[in-house]
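Enquirer: this one's sequence-less:
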């Protein structure tokens, strides 16, 4: 890395952290600073409510991160975490956690300590399974684990009574646990998996309004399950269906234009709608800031960012 760029980046980070500390800021964004670790002075910002550390090169979190005792929203997407940070178990007050796009192979038992979590994103990691300990996240409402290699769900996921939004798109799933019907889901995304039937447990979820099953292995229309879910909008696009009659189900998408699909499934995004129609690749943790920088300062802080390209010699 260019030494001039390194110097500018370090000073930008220090300046932002010092300003946050002095102003007792509740929100701090340190994205795209090429950080490999959390600066020690960051732990002085004990008023932080949300912290965005995405798009860096962080490999782990320090054990004394517990000093950020007011932190409730933490974004760590697009870093170099190759395991679930053990230090997170000390942040039991976290409400939102995003660890997407990190080469994390396993969610360890430490995740069971995060009992306040309402939103958990671990999209595009290297997960092959989910631990039974996930059942301890009793307040979890939204869980996204897209683009992994999960082939089986733990039974404990069925104990998440507050879970409303679940997306497991692009995994290796073909079935669900026996007690899956006990969930109170509104939105369920199983796009790009290996389902060839709709498990009967899903039809027992009376709260379910959106079921995405695009790009699976359905050769025939699962009519019995469709009849059992009259209030659920089911998307079966891009399956190798071999239809033998002209039956029309008003709550099912088999073929159609994009506009027709939007009309049936709604236009709202999951971040702004109670229906959570559209699954996002990775969450945009949109925390409203109580402290906003001036436009002039925004321009000035962007100039050093461009130095990455201007001083590349």
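Expert: Received it, and whenever you're ready, just let me know what you need. Bear in mind that the values here come from a model prediction, so they are computed numbers and not experimental data.

Enquirer: and the nearest residue to residue 240 once chain neighbours are set aside, what helix or strand is that in?
Expert: Once flanking residues are discounted, residue 240 sits nearest to residue 219: 5.5 Å by C-beta to C-beta, 6 or more residues apart in numbering. Just so you know, the C-beta spots here come from the backbone N, C-alpha and C atoms, and that holds for glycine as well. Assigned by DSSP states H and E, residue 219 belongs to no helix or strand.

Enquirer: For the lengthiest helix in the chain, what is the distance to the chain centroid?
Expert: In the chain, assigned by DSSP state H, the helix with the most residues is helix 3-22. Chain-centre distance of helix 3-22: 29 Å, with C-alpha atoms, centre = their mean, to the nearest Å.

Enquirer: quick one, what contacts the nearest residue to residue 111 once chain neighbours are set aside?
Expert: Leaving aside its chain neighbours, residue 111 sits nearest to residue 133 (5.8 Å; criterion: C-beta to C-beta, 6+ apart). Residues in contact with residue 133 (C-beta atoms under 8 Å, 6 or more residues apart in numbering) are 107, 108, 109, 111, 112, 156.

Enquirer: Report the secondary structure state of residue 133.
Expert: Under DSSP: H, G, I helix; E, B strand; the rest coil, residue 133 falls in the helix class.

Enquirer: pLDDT below threshold where in the stretch 101-250 of the chain?
Expert: Residue ranges of the stretch 101-250 of the chain with pLDDT under 70: 246.

Enquirer: Test my guess that residue 197 contacts residue 222.
Expert: Yes. Counting by C-beta atoms under 8 Å, residue 197 touches residue 222, with 5.9 Å between them.

Enquirer: Those two: which has the busier surroundings?
Expert: Each of residue 197 and residue 222 has its neighbours counted (other C-beta atoms under 10 Å); residue 222 has more, 21 against 15.

Enquirer: Setting aside sequence neighbours, what's the nearest residue to the more buried one?
Expert: Nearest residue to residue 222 in three dimensions, chain neighbours excluded: residue 198, at 4.6 Å (C-beta to C-beta, 6+ apart).

Enquirer: for residue 153, same thing?
Expert: In space, residue 153 is closest to residue 177, 5.6 Å off (C-beta to C-beta, 6+ apart).

Enquirer: and the nearest residue to residue 139 once chain neighbours are set aside, how many neighbours?
Expert: Using C-beta to C-beta, 6+ apart and skipping the chain neighbours, the partner closest in space to residue 139 is residue 118 (5.4 Å). Close neighbours of residue 118, defined as other C-beta under 10 Å, add up to 17.

Enquirer: and residue 118, what does it touch?
Expert: Taking C-beta under 8 Å, 6+ apart, we find residue 118 in contact with 95, 96, 139, 140, 141, 142, 162.

Enquirer: Dump the residues you listed to CSV, plus distance to residue 211.
Expert: Below are the contacts of residue 118 laid out as CSV (distance: C-beta to C-beta, whole Å):
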residue, distance to residue 211
95, 27
96, 25
139, 24
140, 20
141, 18
142, 17
162, 19
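
Enquirer: Out of those, which end up buried?
Expert: Using 16 or more other C-beta atoms under 10 Å as the burial test, the contacts of residue 118 include 95, 96, 140, 141, 142 as buried.

Enquirer: Could I get the residues you listed in JSON lines, plus columns for secondary structure and distance to residue 207?
Expert: Shown next, in JSON lines, are the buried ones among the contacts of residue 118 (DSSP: H, G, I helix; E, B strand; the rest coil; distance: C-beta to C-beta, whole Å):
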{"residue": "95", "secondary structure": "coil", "distance to residue 207": "22"}
{"residue": "96", "secondary structure": "strand", "distance to residue 207": "23"}
{"residue": "140", "secondary structure": "coil", "distance to residue 207": "16"}
{"residue": "141", "secondary structure": "coil", "distance to residue 207": "13"}
{"residue": "142", "secondary structure": "strand", "distance to residue 207": "15"}
